[in-house]
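Asks: give me a 3D structure for the following:
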Amino acid sequence: MTARPRRSALYMPASNAKAIAKARTLPCDVVILDLEDAVAPEMKDAARAQALAALGEGGFGDREVVVRANALSTPWGADDLAALGGTGADAVLAPKIDGAGDIAACVTALGGTTPLWVMIETARSVLRLEEIASAPGVAGFVMGTNDLAKEIGMRPGGDRLPFLGFIANAVAAAHAYGLVALDGVYNAIDDADGLARECAQAVTFGFDGKTLIHPSQIDACNRAFSPGADEIAWAKAVKAAFDDPANRDKGAIRLDGRMVERLHLEQALRVLTMAPPD
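Replies: Below is the predicted model:
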């Protein structure tokens, strides 16, 4: 998976044309046009048509555009996936994934041409993380913490304590197979402090970014997942050191009194990818 900022991924209902238009102007890294939870049953077909029209029209700039389909077990899922394959979406997000069999069905329905992100939101999915992460066609994990809490009967609270084991394992599985890893949504739109805490927790666990339900959450999320000045300075120093012709063939060098290895160069390059322009 190509390294690029995926700090903020905003769900927007594909049934709402004004929301789609607004998404083209917002500072999120990823726009998720939602055909599932945000769309009433009677609007499913219209939402799919509007999502396809939006993909055809473009105008999203550097933002990735992902479409969340309905599950294959619903009356709309097969039609969603059949329509979305090869449309230019950066990925299709599949909900209610339980294992590799569900992945294979989604990839086949998409025609094998579009990367698949999957929701980790069922009890079975958290027991089969490596199976799902290693399945052909999978490019990303998105935590569906609301659905997971409902299915298992958890009461996560502000610290999300019941989720922490699942979160750690999901991030590890995603990064083991080079996948995008995005945290679940924060439901309290007006609770800025709570959002900041949850973003900080997600950064600590190694997520690439977080899914959001409202544009007012974007700036806080972008700040949390952007490297700080000290981290950027370190990354520039590491890159410059390994760019030195005297060091290009070395696996480890001394920099500012510390040993720096090639693995640190990979980390540095990722930091610089996430850093805002000078």
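Asks: in stretch 132-150, which residues are buried?
Replies: Residues of stretch 132-150 classed as buried by neighbour count (16 or more other CB atoms under 10 Å): 132-133, 135, 137-145, 147-149. Every residue, glycine included, has its C-beta placed from N, CA and C.
Asks: stretch 238-251 too?
Replies: Result for stretch 238-251 [16+ other CB under 10 Å]: buried residues Val238, Ala241, Phe242, Asn247.
Asks: count the residues that sit near Leu195.
Replies: When neighbours are defined as other CB atoms under 10 Å, Leu195 has 23 of them.
Asks: go on, Ile232?
Replies: Residues near Ile232, counting by other CB under 10 Å: 18.
Asks: out of the buried residues of stretch 132-150, who's nearest Gln50?
Replies: Val142 (21.5 Å; CB to CB).
Asks: quick check, the closest one in a strand?
Replies: Yes: looking at Val142 with DSSP: H, G, I helix; E, B strand; the rest coil, it is inside a strand.
Asks: any idea how far Ala91 is from the spatially closest residue to it that is not a sequence neighbour?
Replies: Excluding its sequence neighbours, the residue lying closest to Val142 (CB to CB, 6 or more residues apart in numbering) is Leu182, at 4.7 Å. Per CB to CB, to the nearest Å, Leu182 is found 11 Å from Ala91.
Asks: need the residues touching each of those two.
Replies: Common neighbours of Leu182 and Ala91, counting by CB atoms under 8 Å, 6 or more residues apart in numbering, are Gly140.
Asks: give the contact list for the residue most central in space within the chain.
Replies: Centroid-nearest residue in the chain: Leu182, 3.6 Å away (criterion: CA atoms, centre = their mean). Neighbouring residues of Leu182 by CB under 8 Å, 6+ apart: Arg6, Ala9, Val30, Gly140, Phe141, Val142, Met143, Phe207, Asp208, Gly209, Lys210, Thr211.
Asks: specify which member of the residues you listed is nearest to Glu198.
Replies: Checking the contacts of Leu182 one by one against Glu198 (CB to CB), the nearest turns out to be Lys210, at 7.6 Å.
Asks: quick check: closest non-adjacent residue to the closest one.
Replies: Nearest to Lys210 is Asp183, by CB to CB, 6+ apart, at 4.2 Å.
Asks: contact partners for the one you found?
Replies: Counting by CB under 8 Å, 6+ apart, Asp183 has contacts Met143, Thr145, Ile167, Glu198, Ala202, Phe205, Phe207, Gly209, Lys210, Thr211.
Asks: go on, Thr122?
Replies: Contacts of Thr122 (CB under 8 Å, 6+ apart): Lys96, Ile97, Asp98, Asp147, Leu148, Glu151.
Asks: counting only strands, which of the contacts of Asp183 make the cut?
Replies: Met143, Gly209, Lys210, Thr211 (DSSP state E).
Asks: which of these lies closest to Gly194?
Replies: Closest to Gly194, out of all of those and judged by CB to CB, is Lys210, at 12.7 Å.
Asks: got the contact list for that closest one?
Replies: Lys210 neighbours (CB under 8 Å, 6+ apart): 7-9, 182-186, 198-199, 202, 221, 224-225.
Asks: returning to that earlier point: quick check on the residue nearest to Lys210: phi, psi?
Replies: phi -70, psi 160 (degrees, to the nearest 10).
Asks: for the helix or strand bottoming out on mean pLDDT in the chain, output the C-alpha coordinates as CSV.
Replies: When each helix and strand of the chain is scored by mean pLDDT, DSSP states H and E, helix 262-274 comes last, with a mean of 82. C-alpha atoms of helix 262-274 as CSV (Å, rounded to 0.1, in the frame of the first residue of the first chain):
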residue,chain,number,x,y,z
ARG,A,262,17.6,1.3,7.6
LEU,A,263,14.4,0.6,9.4
HIS,A,264,14.6,4.1,10.8
LEU,A,265,15.0,5.5,7.3
GLU,A,266,11.7,3.8,6.4
GLN,A,267,10.1,5.4,9.4
ALA,A,268,11.6,8.7,8.5
LEU,A,269,10.3,8.6,4.9
ARG,A,270,6.8,7.8,6.2
VAL,A,271,6.9,10.8,8.6
LEU,A,272,7.9,13.1,5.7
THR,A,273,5.0,11.7,3.6
MET,A,274,2.7,12.7,6.4
